[in-house]
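1. everything below, folded, please.
(2 chains)
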Amino acid sequence: GQQVMQIPQYQHVQEGEDFTTYCNSSTTLSNIQWYKQRPGGHPVFLIQLVKSGEVKKQKRLTFQFGEAKKNSSLHITATQTTDVGTYFCAGSGSNDYKLSFGAGTTVTVRA
Amino acid sequence: EAQVTQNPRYLITVTGKKLTVTCSQNMNHEYMSWYRQDPGLGLRQIYYSMNVEVTDKGDVPEGYKVSRKEKRNFPLILESPSPNQTSLYFCASSLVPVEWVYEQYFGPGTRLTVT
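-> Predicted coordinates:
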């Protein structure tokens, strides 16, 4: 099955700055999902990308799926304290009903 | 309210004492799954189920059992727990995959400690 890697593991951001977290798969994915987990909470679905080169935006969050469908990124602009948490990417292969998660990027924000 | 529930939320047990963590969803989802979360490793899938009586191994199934006798319930069984199964466990559900796995709805988690 696919292996999904995420970098960086930690991201310390000044409030108001932008940052990007990256997700790379060892194999081609059918789709990529992104989740956010607040400290002490459970993962909550943010978005799903399925098309090669797809870009989706949610307010200050921009998600991108690579042309080869092996990588993805999440870019957050003007970081706020509400962005604190761990962001996970997850993907599954074609006709593969396992879901593989990256190790996550834990974001802390300096006010 | 649409939700996934897990019980217990916290459990401390001893090596070798069989335990079951229950999971139930009220969204009529066909697909259910168990994950364990460990620091630095993210979420790793233990088992998943496409429907009643249909289960399959995820990436880390060793030491775990599951059953799916009803659509809404998907219990996780540790027949003989060991300290390396100390972890945070999440149950999740979604619509049944067609071409890919759909968005997962997660339960609140069960923190298990095996001494």
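2. mind listing what A:L49 touches?
-> If a contact means CB atoms under 8 Å, 6 or more residues apart in numbering or on different chains, then A:L49 has A:N31, A:I32, A:Q33, A:K56, A:F63, A:Q64, A:F65, A:S72 as its contacts. Just so you know, the C-beta spots here come from the backbone N, C-alpha and C atoms, and that holds for glycine as well.
3. if you could redo that for A:K57, that was the one I meant.
-> By CB under 8 Å, 6+ apart, A:K57 lies in contact with A:F63.
4. if we can go back for a sec, of the contacts of A:L49, buried ones?
-> Using 16 or more other CB atoms under 10 Å in any protein chain shown as the burial test, the contacts of A:L49 include A:N31, A:I32, A:Q33, A:F63, A:Q64, A:F65, A:S72 as buried.
5. keep only those of those residues that are in strands.
-> A:N31, A:I32, A:Q33, A:F63, A:Q64, A:F65, A:S72 (DSSP state E).
6. show me what the first one is bridged to.
-> In this case it means A:N31. Beta-bridge pairing for A:N31 (DSSP bridges): A:S92.
7. pull up the gap between A:F101 and A:N31, please.
-> Separation of A:F101 from A:N31 (CB to CB, to the nearest Å): 13 Å.
8. closest to B:L19 out of the contacts of A:L49?
-> A:Q33 (30.2 Å; CB to CB).
9. so the most centrally placed residue in chain B: helix, strand or coil?
-> Centroid-nearest residue in chain B, with CA atoms, centre = their mean: B:W34, separated by 2.6 Å. With DSSP: H, G, I helix; E, B strand; the rest coil as the basis, B:W34 sits in strand.
10. understood, closing this out.
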